[in-house]
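Novice: dropping the sequence and predicted coords here.
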Amino acid sequence: KINYPYILFVGKRKFNKNFNELIRTYSKWRKNKEIFLLVVGQKWDSYEMEMLNNLNINNKVVLIEDADDEKLMFLYNQALLLVYPSLCEGFGIPILESMSCACPIVASKIPTTIEIASEIPFYFTPGNLEEFENALNLGLESSLREEKINLGNQWVKKYTWDNSALQHYNLYKQLI
């Protein structure tokens, strides 16, 4: 059991995932005193450890390595928000996982995220730390929070294996 409120980041922390921007924004966010940042992914590298120490948030950012599906579902269900700050993506599985667990989303406004999630996330423009911070606050306090959770729960239902198989079948049929 996790006994503290947290926002959640899931995935690799490569450049395109924009994790550094998340850390910088989180370090300045006024709510970081009461809300932790929980990170699911691989072990910290030396640069990340140094950055967390330099920003004085190493005691507020918690790493969970190798979370299985059951643990991930628990983490999404308990999180205040999923934070998805990517600069570019192929496809955003954490966004769908989050919606299916009724976890609100704060995400960078990039084409992939818009295509996958429409207007369900609380968006911010990558590179705009003030806008990012405002999106975090909106995700926690907005009167739209519950509405976006409910919309996400409905929206994610279109992403099933059956729908995917049918779309592929129709595409192959067209090509033949």
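Specialist: Structure received.
Novice: max-length helix in this structure?
Specialist: helix 161-175 (DSSP state H).
Novice: so how far is that one off the chain centroid?
Specialist: 29 Å (C-alpha atoms, centre = their mean, to the nearest Å).
Novice: name the helices or strands packed onto it?
Specialist: Packed against helix 161-175 by the contact rule (3 or more C-beta pairs under 8 Å, 6 or more residues apart in numbering; DSSP states H and E) you find no helix or strand. The C-beta positions use only the backbone N, C-alpha and C, and glycine is treated the same way.
Novice: average model confidence for that helix?
Specialist: Mean pLDDT, computed over helix 161-175, is 87.
Novice: going by neighbour count, list what's buried in that helix.
Specialist: Within helix 161-175, no residue is scored as buried using 16 or more other C-beta atoms under 10 Å.
Novice: put the alpha carbons of it into PDB.
Specialist: C-alpha atoms of helix 161-175 as PDB (Å, rounded to 0.1, in the frame of the first residue of the first chain):
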ATOM      1  CA  TRP A 161      -8.100  -6.400 -29.800                       C
ATOM      2  CA  ASP A 162     -11.300  -7.200 -31.700                       C
ATOM      3  CA  ASN A 163     -11.500  -3.600 -33.100                       C
ATOM      4  CA  SER A 164      -7.800  -3.700 -34.000                       C
ATOM      5  CA  ALA A 165      -8.200  -7.100 -35.800                       C
ATOM      6  CA  LEU A 166     -11.200  -5.900 -37.700                       C
ATOM      7  CA  GLN A 167      -9.400  -2.700 -38.900                       C
ATOM      8  CA  HIS A 168      -6.400  -4.800 -40.000                       C
ATOM      9  CA  TYR A 169      -8.700  -7.200 -41.800                       C
ATOM     10  CA  ASN A 170     -10.500  -4.400 -43.600                       C
ATOM     11  CA  LEU A 171      -7.200  -2.800 -44.600                       C
ATOM     12  CA  TYR A 172      -5.900  -6.100 -46.000                       C
ATOM     13  CA  LYS A 173      -9.200  -6.700 -47.800                       C
ATOM     14  CA  GLN A 174      -8.900  -3.200 -49.400                       C
ATOM     15  CA  LEU A 175      -5.300  -3.900 -50.500                       C
END
